[in-house]
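In: sequence unknown, structure follows:
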Ligand SMILES: NC(=O)c1ccc[n+]([C@@H]2O[C@H](COP(=O)([O-])OP(=O)(O)OC[C@H]3O[C@@H](n4cnc5c(N)ncnc54)[C@H](OP(=O)(O)O)[C@@H]3O)[C@@H](O)[C@H]2O)c1
């Protein structure tokens, strides 16, 4: 079978097609013919060696993917040949709070990922695909969508009428917008691009802010909330945006700390407003298989369509990485296998 590998050294130039033997399932395992995979910012960092410089190579990249079961190993009861499935990001995190080992068992590093023709999974490492979506759409769910769902629903506990701020128009933020609207919230979306802001409006954003033009976008959020602040901020910028997220949040509101697109460390954050206003800063790490199954039901019942911007062929994988790196995409970048 064909696979992509980050071979021997980090760097996008070391992303190459390779041959590996077709897998045979052991007890409790199934073989999935991967049909599509999608990219997260994490995958780009992994490929260039910035996510985990100690990652062993070669590595089959990408955590997110969907496909069809083609072979069942002995003792498997959960699946049959032909079932359409998504890979669970943290393979052994099934429910409840994770332990450290569960958070180490993740696809696309340290475990081999989904950018391959065939892949073995333990029968517990998969979830059924939602109804009425394509393989490319389903391939976007394991990390990006589940992270957004965890932030909005599981930890966010967003109520109808609440105000949610989503930063930028990448994979996580667009899903956060869709789930926030599903929960009946008002959404304020930010972007560096007016064209993308038009698109988020079409997707249901109630108010928009160009964060390049309005660099003090926190003031705009306060104005848009009658100077009260938002209930929940989807923080994907990290250290570079956190101060403004703090000043955008209402007392007892929540910042879902998800990403570090604008920096992972800061020495000059003022933490006083967090305590003076009782703000909850909630770190988010994807979600469990139970959360994934719940999310997929919500996607089916509410007819949510993942927003796929570009779909590349398997051979065009390096171009898909370049697209993600350039940050010109809106929603998700996928690869058909
Ligand atoms: N904690 C977790 O479990 C988890 C899971 C998934 C992702 N993440 C992290 O979350 C972040 C987002 O991931 P992703 O896959 O959604 O990334 P992505 O698709 O690559 O998102 C890129 C977009 O983010 C926006 N952006 C960049 N810098 C920004 C800034 N300073 N302020 C506001 N928006 C900014 C831009 O939107 P515009 O072009 O519209 O300006 C850019 O196009 C990454 O840091 C990723 O590592 C964490």
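Out: The structure has been received and is ready for your questions. This one's a predicted model, so the numbers in the text were calculated from it and none came from an experiment.

In: Could you use CA atoms for every contact and neighbour count after this?
Out: Noted.

In: Is the ligand within reach of stretch 212-221?
Out: No - legend: contact between stretch 212-221 and the ligand by Cα under 6 Å from any ligand atom is lacking; minimum distance shown is 8.3 Å.

In: Other residues contacting that stretch?
Out: Applying Cα atoms under 8 Å, 6 or more residues apart in numbering, the external contacts of stretch 212-221 come out as 188, 191-192, 209-211, 227, 229-230, 244-245, 247-248.

In: And stretch 149-165, by the same measure?
Out: 175-176, 179-180, 183-190, 225, 230-234, 254, 256, 282, 284, 286-287, 291, 295.

In: wait, isn't residue 39 in contact with residue 333?
Out: Yes - Residue 39 is within contact range of residue 333, at 5.8 Å (criterion: Cα atoms under 8 Å).

In: Out of the contacts of stretch 149-165, which sit inside helices?
Out: In helices, judged by DSSP state H, the following of the contacts of stretch 149-165 are found: 175, 176, 179, 180, 291, 295.

In: Next, count neighbours for the last one.
Out: Neighbourhood size, residue 295 [other Cα atoms under 10 Å]: 21.

In: which residues does it contact?
Out: 146, 149.

In: Likewise for the fifth one?
Out: Remark: with contacts taken as Cα under 8 Å, 6+ apart, residue 291 is in contact with 95, 146, 150, 154.

In: residues in the stretch 101-250 of the chain within reach of the ligand, list them.
Out: 143-144, 147, 167-173, 191-193, 236-237.

In: ok, and the most crowded of the residues you listed?
Out: Of all these, the highest neighbour tally under other Cα under 10 Å goes to residue 172, namely 30 neighbours.

In: And the pLDDT for that residue?
Out: At residue 172, the model reports a pLDDT of 97.

In: change the start of the numbering to 2 and stick with it
Out: Understood, numbering begins at 2; the last thing we discussed is residue 173.

In: rewinding a little: so which of the residues of the stretch 102-251 of the chain next to the ligand belong to helices?
Out: Those of these lying in helices (DSSP H): 148, 172, 173, 174.

In: which among the residues you listed gets closest to residue 330?
Out: The shortest approach to residue 330 among those belongs to residue 172, at 8.8 Å (Cα to Cα).

In: Please name the residues that touch the nearest residue to residue 105 once chain neighbours are set aside.
Out: The shortest distance from residue 105 to any non-neighbouring residue, by Cα to Cα, 6 or more residues apart in numbering, is to residue 111 (7.1 Å). By Cα under 8 Å, 6+ apart, the contact list for residue 111 reads 56, 57, 105.

In: swap in residue 7?
Out: 13, 15, 16, 17, 48, 58, 59, 60, 61, 62.

In: Angles on the backbone of the nearest residue to it once chain neighbours are set aside, please.
Out: Nearest non-adjacent residue to residue 7, counting by Cα to Cα, 6+ apart: residue 16, 4.6 Å away. Main-chain dihedrals, residue 16, degrees, to the nearest 10: phi -90, psi 110.

In: which of the contacts of residue 292 lies closest to the ligand?
Out: residue 147 (8.0 Å; Cα to the nearest ligand atom).

In: Can you give me the neighbour number for that closest one?
Out: Residue 147: 30 neighbours (other Cα under 10 Å).

In: got JSON lines for the contacts of residue 292, with secondary structure and pLDDT too?
Out: Below are the contacts of residue 292 laid out as JSON lines (DSSP: H, G, I helix; E, B strand; the rest coil; pLDDT from 0 to 100):
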{"residue": "96", "secondary structure": "coil", "pLDDT": "98"}
{"residue": "147", "secondary structure": "helix", "pLDDT": "98"}
{"residue": "151", "secondary structure": "helix", "pLDDT": "98"}
{"residue": "155", "secondary structure": "helix", "pLDDT": "96"}
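
In: any common contacting residues for residue 40 and residue 334?
Out: If you check residue 40 and residue 334 against Cα under 8 Å, 6+ apart, the residues they both contact are 321, 325.

In: measure the closest residue to residue 45 other than its chain neighbours to the ligand for me?
Out: Nearest residue to residue 45, sequence neighbours excluded (Cα to Cα, 6+ apart): residue 322, at 6.6 Å. In this view, residue 322 and the ligand are 10 Å apart by Cα to the nearest ligand atom, to the nearest Å.

In: which ones are touching residue 322?
Out: Residue 322 neighbours (Cα under 8 Å, 6+ apart): 13, 40, 45.

In: and the last one, how far is that from residue 175?
Out: This points to residue 45. 19 Å (Cα to Cα, to the nearest Å).

In: Compare neighbour counts for the two and give me the winner.
Out: Each of residue 45 and residue 175 has its neighbours counted (other Cα under 10 Å); residue 175 has more, 26 against 20.

In: Cross-check the contact I'm expecting between that one and residue 310.
Out: No - between residue 175 and residue 310 there is no contact under Cα under 8 Å: 11.2 Å.

In: Much appreciated, bye for now.
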